[in-house]
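Engineer: Give me coordinates for this.
(chains A and B)
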Amino acid sequence: MTGVLGIYNYWIYVILMMIGLYGVIAKPNLIKQAIALGLFQTGIFLYYISMAVIDGGTAPVWTTVQDGAQKFQGPYDNPLPHVLILTAIVVSVSVLAVALALIINIKRRYGTIEADEIEAMDIADRLAEFHAGAAADAVDEAAAEGHGLEHAHGGHHHG
Amino acid sequence: MTSVVLIDTVLLLLVTVTAIAIIEVRNLYTSAMLTSVYSLLMALVWVNMHSMDVAFTEAAVGGGISTILLIGTLVHTAREEKPLKVRVHWKAAVVTALTGAALIYGTFDMPRFGDPKAPIHHFRVPEMMAQTVGFVNGTKGKQAPPEGFDARAYRSFNGAVTSVPDDPKDTAWRETSVLAQHGIIVPEVLGSHPQHAEAGHHLHPPDDFNGHVPNSVTSLLAAYRGYDTMFETTVIFTAGVSLIMLLRRPRREGQAQKSAPLLDQTILRVVSKMSIPFILLFGLYVITHGELGPGGGFQGGVVIACAFILYALIFGRPALYRVLPPPVIDMLTGLGVLVYSGTGAACLLLGGKFLDYSMLDTVSPGEGEALGMTLVEYGVGITVSMVMLNIFNQLAEEESR
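Structural biologist: Purely as a prediction, here's the structure:
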């Protein structure tokens, strides 16, 4: 195969990967991000399997026909990428499962699965913590000051 | 070849359109169902490229399990994406466009699709196949190399192939290439070649060469990449354990006793009850048959998990727990990894290397490789099926709270 068709598969692999990458960056929804990550992975799978193809080849299962007229004379496709991707697919579903479990835990804690809302809540929490801390510090300071004053200077403050 | 390219072109266009729809559609249920369609199309693409084992896995995992997991999660998270303020995220679009352009620029240096001269078809392939069929290191119980076989030249083969003609239909070069000289890549060509038949090479290919494991994908998976496969099984095991740690809570009484909502659907109940035994049988067949044809532990394990998940969906999880109590599922998850590594350890104790299946020849003469690979496939199958079932159970438990 020559010309564009010769590298067509590799273009599609790039396009699929980029669709996945766009989803991961642009979509704030965590489940959408997990799905987009899956698309990214299938792009890579396509790249590997496309490389294994050989002109006129067939599935790499050695024929065991010993005395048949229709012995297969041609080459077999390269089996190594198949092995790599076969295990990668099963690992990808494990990745998806763990991601979904984490998303469920996030939903429990935050009540939402939109990344920007979670971030806003985190920032709000931290600000509240900071303000509460500052307020507590102020109270402590005031209390300490009050105590000190009471003991050292008597009713100076009250007066 | 033209038909392969033609089908490939059309299918990949459909795949791309589906991928865009998956990302763009706002309803998450639609998105999850579209991933199932996407996986089915991908499985067709793999079949078209003669990658049967991958197609099998994609259909079982992508079309089946992932969709179930996604929908199980959507039930208690969100139905729809929040509407976005801007339709197109311009920063992301620019980043992906630039990355994509760089990668596409890179593809111009790739060998053409299906080019027999591509380095991937030559570099290290002989070593790999030789190690798989097991005569290079010549340990005890291995087959003797064919007469005139030079193991040293074989190992130092650098992948260079001289004089490959431009016409792919001209296969004569393969008989003279280093790859084929010892009947590794195209055994039949050599077997029918009178010159080699005289030298006695026809005795070896194709059956004896492969230690009775004709599916080279399985033999590579279990022999050449045996360690990788073992640790990939461990990765799946770890995923199952993390799911338990992330989601499992102490069960309160009376909570799992919910009646199954689908049980009063007569057609569903009868049809699923009739088909479950056959699904299980098919799963076992796929695992056992993995060394002879497409299939193996990963695919068969997923098929078996699907049978149990179907049972749990129709008859309720309490019914499933009567068949397979959660502690048994947990134990079986570990047992699969134990069977795999135990097979390796058995080879070690019989005097060979770890996962050197030819050592099992003392147990069943002449079929050690096949026996070892079958054991390993069963180990993978047990772990995969039980982890998938466990993941489903954890997500479903979550649902009933």
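
Engineer: elements contacting the host helix or strand of B:Ala92?
Structural biologist: Using DSSP states H and E, B:Ala92 maps to helix B:90-107. Applying 3 or more CB pairs under 8 Å, 6 or more residues apart in numbering or on different chains; DSSP states H and E, one finds that helix B:90-107 makes contact with helix A:4-26. The way it works is simple: take the backbone N, C-alpha and C, and place the C-beta from them, glycine included.

Engineer: Tell me the buried residues in the helix it packs on?
Structural biologist: Neighbour-count burial for helix A:4-26 flags A:5-24, A:26 (criterion: 16 or more other CB atoms under 10 Å in any protein chain shown).

Engineer: Return the alpha-carbon coordinates of it using PDB.
Structural biologist: Extracted in PDB, the C-alpha atoms of helix A:4-26 (Å, rounded to 0.1, in the frame of the first residue of the first chain):
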ATOM      1  CA  VAL A   4      -2.000   8.200   1.900                       C
ATOM      2  CA  LEU A   5      -3.600   4.800   2.500                       C
ATOM      3  CA  GLY A   6      -0.300   3.500   3.600                       C
ATOM      4  CA  ILE A   7      -0.200   5.700   6.700                       C
ATOM      5  CA  TYR A   8      -4.000   6.200   7.100                       C
ATOM      6  CA  ASN A   9      -4.200   4.000  10.200                       C
ATOM      7  CA  TYR A  10      -1.500   6.000  11.900                       C
ATOM      8  CA  TRP A  11      -3.400   9.200  11.200                       C
ATOM      9  CA  ILE A  12      -6.500   7.700  12.700                       C
ATOM     10  CA  TYR A  13      -4.500   6.600  15.800                       C
ATOM     11  CA  VAL A  14      -3.300  10.200  16.200                       C
ATOM     12  CA  ILE A  15      -6.900  11.600  15.800                       C
ATOM     13  CA  LEU A  16      -8.300   9.100  18.400                       C
ATOM     14  CA  MET A  17      -5.600   9.900  20.800                       C
ATOM     15  CA  MET A  18      -6.200  13.600  20.400                       C
ATOM     16  CA  ILE A  19      -9.900  13.300  20.800                       C
ATOM     17  CA  GLY A  20      -9.200  11.500  24.100                       C
ATOM     18  CA  LEU A  21      -6.600  14.100  25.200                       C
ATOM     19  CA  TYR A  22      -9.100  16.900  24.400                       C
ATOM     20  CA  GLY A  23     -11.700  15.200  26.500                       C
ATOM     21  CA  VAL A  24      -9.400  14.800  29.400                       C
ATOM     22  CA  ILE A  25      -8.400  18.500  29.300                       C
ATOM     23  CA  ALA A  26     -11.600  20.200  28.300                       C
END
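
Engineer: does chain B sit close to that helix?
Structural biologist: Yes. Counting by CB under 8 Å from any CB of the partner chain, contacts between helix A:4-26 and chain B involve A:5-12, A:14-23, A:25-26.

Engineer: Excluding chain neighbours, give the residue nearest to A:Thr112 in space.
Structural biologist: A:Ile118 (6.4 Å; CB to CB, 6 or more residues apart in numbering or on different chains).

Engineer: Quick one: mean pLDDT over the helix holding B:Ala92.
Structural biologist: Here helix B:90-107 scores 94 as its mean pLDDT.

Engineer: Pull out the buried residues from that helix.
Structural biologist: For helix B:90-107, the neighbour count (16+ other CB under 10 Å) marks B:Ala92, B:Val95, B:Thr96, B:Gly100, B:Leu103, B:Ile104, B:Thr107 as buried.

Engineer: ranges for the helices of chain A?
Structural biologist: A:4-26, A:30-52, A:79-110, A:115-153 (DSSP state H).

Engineer: any residue of the third one up close to chain B?
Structural biologist: I take that to be helix A:79-110. Yes. Judged by CB under 8 Å from any CB, helix A:79-110 comes into contact with chain B at A:79-87, A:89-98, A:100-105, A:107.

Engineer: Just the buried ones from these?
Structural biologist: A:79-87, A:89-98, A:100-104, A:107.

Engineer: What's the local residue count around B:Lys85?
Structural biologist: B:Lys85 has 7 neighbours, counted by other CB atoms under 10 Å in any protein chain shown.

Engineer: before we move on, back to that, what is the distance between the helix holding B:Ala92 and the centre of its chain?
Structural biologist: Relative to the mean C-alpha coordinate of its chain, helix B:90-107 is positioned 30 Å out (CA atoms, centre = their mean, to the nearest Å).

Engineer: Many thanks, I have nothing further to ask.
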